[in-house]
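> Provide a 3D model corresponding to the input given below.
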Amino acid sequence: MSIKVNQVSKLYGKQKALDNISFEIESGEIVGFLGPNGAGKSTMMKIITGFISQTDGEVFVNDIQIDPEAIDIRNKIGYLPEHNPLYLDMYVREYLLFIAGMYKLDNKKARVEEMIEQTGLTKESSKKISELSKGYRQRVGLAQALIHDPSVIILDEPTSGLDPNQIVEIRDLILKVGKQKTVMLSTHIMQEVEAICDRIIIIDKGKIIAQEKMQDASKIVADNEFIIELELDSKIDLDLIQKLPEVIEIHHKKEGVLLIRSMSDIRSNLFELAVENNLKVLSMRIVEKTLEEIFQEITKENS
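You can find the predicted model right below:
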């Protein structure tokens, strides 16, 4: 198990930022750690990386217990904080050589050049960090998080400030490194999570309110309702559909396409109804909720 969090709580004075959190992340997983602002995501990530200590509970990375004094384990962790701290007066290559030196890497120059190429910094590598755009500063942060080849990577808003093309490039990089490492990332971009994550953990008000494999995310909101998209070759009397058992409402998505909300999967009933009325079914499918819809629904329920 790459990351194991066991009954972790964190208090800031009387305010409870984390409330008895437990989860595990296996080697090779890319896990999206999601939640509204102030939910406790960054606090949990800082505890895992040893930057701050928890009030209660235990955290293990690669079976080694984490605490702020455990320096050796940090060689196994790469961390990009939400607010990316950089030495603005240093040049990009100079800064990465400095970080490589802190980790006492062999072949520092070769590793720096490798990271510059991987993170798309080649054209900016001779500039001072202060001269870089926010997006390129984020790339420098990613390079320093990956430079020592850690087995566990913690990324807090890794694509913050990047343009759409840069987001795709960094997403591809995360997917590439995620094949051999454990990646835990926080982001507000749900399309990003859907594209790269194997599993999601949703936290709100310091508590985990859901965790599920990405392909099973729809199970999180078990509201027992179905939305069926139906396309027929010609119009049908909507009253005929409305009379079917468990139909709640019907909407026109576009010309010739209906969205039918029901309390059960009534696709077989709809097919029989079409046949009875000499209509052809051109297409019919269950419409799955997007991750963004799931996230909004579950966090609103918890408010």
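
> what about stretch 180-192, average pLDDT?
For stretch 180-192, mean pLDDT is 87.

> Now tell me what touches it from outside.
For stretch 180-192, contacts defined as Cβ atoms under 8 Å, 6 or more residues apart in numbering pick out 2-3, 25-35, 41-42, 45, 48, 82, 150-159, 167, 171, 174, 177, 193, 197, 290-292, 295. All C-beta spots, glycine's among them, are computed from the backbone N, C-alpha and C.

> Give me the below-cutoff pLDDT ranges for the stretch 151-300 of the chain.
Applying pLDDT under 70 to the stretch 151-300 of the chain flags residues 218-224.

> Kindly recompute the last result at 80.
Filtered on pLDDT under 80, the stretch 151-300 of the chain yields the residue ranges 160-162, 178-179, 214-225, 288-300.

> all strands of it, in order?
Taking DSSP state E, counting those that start in this stretch, the strands of the stretch 151-300 of the chain run over residues 152-156, 182-186, 199-204, 207-213, 226-232, 247-254, 257-262, 281-286.

> how about TSV for those strands, with distance to residue 123 and mean neighbour count added?
As requested, the strands of the stretch 151-300 of the chain are exported to TSV (distance: least, Cβ to Cβ, whole Å; neighbours: other Cβ atoms under 10 Å):
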stretch	distance to residue 123	mean neighbour count
strand 152-156	23	24
strand 182-186	26	25
strand 199-204	35	23
strand 207-213	39	16
strand 226-232	46	18
strand 247-254	45	12
strand 257-262	47	18
strand 281-286	45	12
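
> Tabulate those strands (CSV), appending distance to residue 106.
Output for those, formatted as CSV (distance: least, Cβ to Cβ, whole Å):
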stretch, distance to residue 106
strand 152-156, 21
strand 182-186, 24
strand 199-204, 35
strand 207-213, 38
strand 226-232, 57
strand 247-254, 59
strand 257-262, 60
strand 281-286, 54
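
> And those: which comes nearest residue 271?
Residue 271 lies closest to strand 281-286 among the strands of the stretch 151-300 of the chain, at 5.9 Å (Cβ to Cβ).

> what's the longest helix seen in the chain packed up against?
Identified as the longest helix of the chain according to DSSP state H is helix 164-178. Applying 3 or more Cβ pairs under 8 Å, 6 or more residues apart in numbering; DSSP states H and E, one finds that helix 164-178 contacts strand 30-34, helix 134-146, strand 152-156, strand 182-186, helix 190-196.

> Indicate which one of the ones you listed is closest to residue 60.
That would be strand 152-156 among the helices and strands packed on helix 164-178, by Cβ to Cβ, at 10.8 Å.

> Report the inter-axis angle for the closest one versus helix 164-178.
In terms of direction (axes from the mean of the first three to the mean of the last three Cα atoms, to 10 degrees), strand 152-156 departs from helix 164-178 by 160 degrees.

> where along the stretch 1-150 of the chain do the strands fall?
3-12, 15-25, 30-34, 56-61, 64-65, 77-80.

> Out of those strands, name the one with the poorest average pLDDT.
When I compare the strands of the stretch 1-150 of the chain, strand 64-65 is least confident, with a mean of 88.

> Pull the contacting residues for the residue nearest to residue 25 when sequence neighbours are not counted.
Leaving aside its sequence neighbours, residue 25 sits nearest to residue 3 (Cβ to Cβ, 6 or more residues apart in numbering; 4.1 Å). Each residue near residue 3 by Cβ under 8 Å, 6+ apart is listed here: 23-25, 48, 59-61, 152, 182, 184.

> From these, keep the buried residues only.
Neighbour counting by 16 or more other Cβ atoms under 10 Å classes 23, 25, 48, 59-61, 152, 182, 184 among those as buried.

> would you turn these into a markdown table with distance to residue 88?
Below are those laid out as a markdown table (distance: Cβ to Cβ, whole Å):
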| residue | distance to residue 88 |
| --- | --- |
| 23 | 36 |
| 25 | 33 |
| 48 | 27 |
| 59 | 32 |
| 60 | 35 |
| 61 | 30 |
| 152 | 28 |
| 182 | 31 |
| 184 | 27 |
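
> Bridged to the most centrally placed residue in the chain, which residues?
Centroid-nearest residue in the chain: residue 32, 2.9 Å away (criterion: Cα atoms, centre = their mean). Applying DSSP bridges to residue 32 gives these bridge partners: residue 185, residue 200.

> and of the strands of the stretch 151-300 of the chain, who's closest to residue 139?
Nearest of the strands of the stretch 151-300 of the chain (Cβ to Cβ): strand 152-156, 12.4 Å.

> ok, residues contacting that closest one?
Residues outside strand 152-156 that contact it (Cβ under 8 Å, 6+ apart) are 2-3, 41-42, 45, 48-49, 61-62, 76-82, 142, 145-146, 174, 177-178, 181-186.
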